[in-house]
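**Student:** Any chance you can model this:
(chains A and B)
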Number of protein chains: 2
Amino acid sequence: MQLGSIEAGGTKFVCAIGNEDYRTDNRVIIPTTTPEETLSQCIAYFKQYPDLKAIGISSFGPIELRRNAPKYGYVTDTPKAHWSNTDFLGRLKQDLDVPMAWTTDVNGSAYGEYVVSTLFNEKINSLVYFTIGTGVGAGAIVNGKFVGSMGHPEMGHVRLKRHPDDLDFKGICPFHGDCLEGLVSGPTFEARIGKHGHEVPMTDHVWDIMAYYVAQAALQETLMLRPDKIIFGGGVVSEAFLVKVRAEFTKLLNGYVDVGNIEDYIVMPSVKENGSATLGDFALALKEYNK
Amino acid sequence: MQLGSIEAGGTKFVCAIGNEDYRTDNRVIIPTTTPEETLSQCIAYFKQYPDLKAIGISSFGPIELRRNAPKYGYVTDTPKAHWSNTDFLGRLKQDLDVPMAWTTDVNGSAYGEYVVSTLFNEKINSLVYFTIGTGVGAGAIVNGKFVGSMGHPEMGHVRLKRHPDDLDFKGICPFHGDCLEGLVSGPTFEARIGKHGHEVPMTDHVWDIMAYYVAQAALQETLMLRPDKIIFGGGVVSEAFLVKVRAEFTKLLNGYVDVGNIEDYIVMPSVKENGSATLGDFALALKEYNK
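**Tutor:** Residues are numbered from 1 along each chain as shown, chains lettered A, B, ... in the order given. Below is the predicted model:
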């Protein structure tokens, strides 16, 4: 069975063809320019596959994902030039007559990791997927379903207890200043110490400060959702960083609830090279097809 | 159909008999002493009703609610004298041969409010119920189901951005100091200003500080779960206090996501006099019976 995936990002779209075993057979990268240009190229790509049965789409946002909303399938008020108020799903449906699943980029990744857990026979029914890169976002699955009945989560914008050595930093979120994204997204390295994140050695104290905040985000998810695991992806994250995050998390939690083995609880994505979303898209496409 | 409810609290148990329309027909209060004494009195109460079909129990905790756990139905490590490691559900089942639903006190209240919303034809499928009293706890329903696959939420213990006028207060949580519970539970009035909460007029600045923290808890739930509404109950909460909470919440959210009408979003319980849990217990008992 041929299934399609669109990972729609702010700089590029990754379109892929795979099958019901979630194997990727073909993959193409399309730059994100205007909606008409980019979406036409997606359509042309999938038109090459007349046996295509369904497409899973995980998109940058904010997007409308309430099925009964008039603008279901739209990218709504986004800072990304040209894309505000774009009927993304509607445009695809004009030219492609297959069922389509529609969700956020982080939900797609979360679902991919959820499916992989199931394949690995882990007993998982709830998880959270964070991405920490240019921005910070999270997708969550509870009892096998996405969280968010009024819209998708925006976990990047929670407030946190400030680190005592970081009180002078105002944060860089244009909406909230020192919310999670304003304190730990990639561009905060430039703002705090004038360097790119990848130039800053793990011994620099700024990583301890970052770990303190990211651990609080993990703590919030833990105390609110009691998920089976929390996954951190995105350019800022490395295994060495998660070692620090786990240590801070353990201190903050102070044994209050049982999260099992911390090494299996706060983890990097199982699917390498950002492949979680493609896999999640195939699985969501299959689910949509079987509806 | 006769259904039973047990609201098990740290100072008293409220046992009730009602029906499938959630009307309470009889109600009795039993003081919380030792497990054997208190649970025997519960059993004796329900023995009077030979037509009883099922019981819903919402209990103080922490409790074990994972059905496949060896200690399912236990009150686990509680500070409440005599009650640690009590097989609550097992003791009842020894003498009462009916299906029993088992959940936390706040989940019972959350479910009661959820059921009431449905009766009122509100389109609700996710909500959060907070109680702010001697302690702080929350129950959450997402897509019609309780949240918490590794155990129940412990939202009372998240960390928060501190109010600039409250930086000297260390908080009173024995586990975490200045977590949510350590900053806003009822006993914090004594700790901050040496008075009981009900002696402190709403014009006192301490209420602004409290509102700032409670609004952050609402913000966390909003950005993480995107629920349809957030309900605040418990002795600390009043409509006048929620007016302040809504104002702080609106400032913190800064229009980032749409929560609809704020007056319908951050609310007191619909069921008065702490009756949400009894109603929730009846509904959970009915659900258990129909399984």
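
**Student:** Now do the strands in the stretch 1-150 of chain A.
**Tutor:** With strands called from DSSP state E, counting those that start in this stretch, the stretch 1-150 of chain A shows them at A:2-8, A:12-18, A:24-31, A:52-59, A:100-104, A:127-132, A:136-142, A:145-146.

**Student:** So which of those strands is nearest residue B:161?
**Tutor:** The closest of the strands of the stretch 1-150 of chain A to residue B:161 is strand A:136-142. By Cβ to Cβ, the value is 16.2 Å. All C-beta spots, glycine's among them, are computed from the backbone N, C-alpha and C.

**Student:** Adjacent strands (with direction) for that closest one?
**Tutor:** Next to strand A:136-142 in the sheet, as set by DSSP bridges, lie strand A:127-132 (antiparallel), strand A:145-146 (antiparallel).

**Student:** Can you tell me which of those strands has the worst average pLDDT?
**Tutor:** Of all those, mean pLDDT reaches its minimum on strand A:145-146 (a mean of 93).

**Student:** which residues are contacting that strand?
**Tutor:** A:103, A:107, A:110-111, A:139-140, A:152, B:142-143 (Cβ atoms under 8 Å, 6 or more residues apart in numbering or on different chains).

**Student:** Just the buried residues out of the residues you listed, in ChimeraX syntax.
**Tutor:** Of those, the buried ones can be selected in ChimeraX as follows, counting by 16 or more other Cβ atoms under 10 Å in any protein chain shown:
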select /A:103,107,110,111,139,140,152 /B:142
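
**Student:** and the longest helix along chain A, what's its mean pLDDT?
**Tutor:** Looking across chain A with DSSP state H, the single longest helix is helix A:205-225. The average pLDDT within helix A:205-225 is 97.

**Student:** Tell me what angle that helix forms with strand B:136-142.
**Tutor:** Between helix A:205-225 and strand B:136-142, the angle comes out at 70 degrees (axes from the mean of the first three to the mean of the last three Cα atoms, to 10 degrees).

**Student:** Show me what counts as buried in helix A:205-225.
**Tutor:** A:206-225.

**Student:** same deal with stretch A:238-249?
**Tutor:** Going by neighbour count (16+ other Cβ under 10 Å), the buried part of stretch A:238-249 is A:241-242, A:244-246, A:248-249.

**Student:** Roughly how far does the residue nearest the centre of chain A sit from chain B?
**Tutor:** Central residue of chain A (Cα atoms, centre = their mean): residue A:106, 2.0 Å from the mean position. Plainly put, residue A:106 is 12 Å away from chain B if you go by Cβ to the nearest Cβ, to the nearest Å.

**Student:** Quick check: closest non-adjacent residue to that residue.
**Tutor:** residue A:139 (3.6 Å; Cβ to Cβ, 6 or more residues apart in numbering or on different chains).

**Student:** Could you measure from the one you found over to residue A:217?
**Tutor:** 13 Å (Cβ to Cβ, to the nearest Å).

**Student:** Residue A:138 is in contact with the residue nearest to the centre of chain A, correct?
**Tutor:** Yes - taking contact to mean Cβ atoms under 8 Å, the distance of 5.7 Å between residue A:106 and residue A:138 places them in contact.

**Student:** Get me the contact residues on the stretch 151-291 of chain A for chain B.
**Tutor:** Proximity of the stretch 151-291 of chain A to chain B (Cβ under 8 Å from any Cβ of the partner chain) is limited to residues A:151-162, A:175-176, A:178, A:216, A:219-221, A:223-228, A:252, A:254-260.

**Student:** change it to 6 Å
**Tutor:** Taking Cβ under 6 Å from any Cβ of the partner chain as the measure of proximity, the stretch 151-291 of chain A contacts chain B at A:151, A:153-155, A:157-159, A:161, A:175, A:216, A:220, A:223-226, A:228, A:254, A:256-257.

**Student:** what about residue A:288, how many neighbours?
**Tutor:** Other residues lying near residue A:288 total 18 when counted by other Cβ atoms under 10 Å in any protein chain shown.

**Student:** same check, this time on residue A:20
**Tutor:** By the criterion of other Cβ under 10 Å, residue A:20 has 15 neighbours.

**Student:** For it, give me its contacts.
**Tutor:** Shown in contact with residue A:20 (Cβ atoms under 6 Å, 6 or more residues apart in numbering or on different chains): A:1, A:286.

**Student:** Quick one, grab the pLDDT at it.
**Tutor:** Value listed for residue A:20 in the pLDDT field: 91.

**Student:** Now tell me what touches stretch A:189-197 from outside.
**Tutor:** Residues from elsewhere that reach stretch A:189-197, judged by Cβ under 6 Å, 6+ apart: A:169, A:172, A:186, A:200, A:206, A:236.

**Student:** need the strands paired with strand A:136-142 in a markdown table with distance to residue A:32, can you?
**Tutor:** As requested, the strands paired with strand A:136-142 are exported to a markdown table (distance: least, Cβ to Cβ, whole Å):
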| stretch | distance to residue A:32 |
| --- | --- |
| strand A:127-132 | 17 |
| strand A:145-146 | 24 |
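
**Student:** Need the winner for burial among the ones you listed.
**Tutor:** strand A:127-132 (a mean of 27; mean count of other Cβ atoms under 10 Å in any protein chain shown).

**Student:** Identify all contacting residues around that one.
**Tutor:** If you take Cβ under 6 Å, 6+ apart as the criterion, strand A:127-132 is touched by A:106, A:109-110, A:113-114, A:137-141, A:221, A:227-234, A:236-237.
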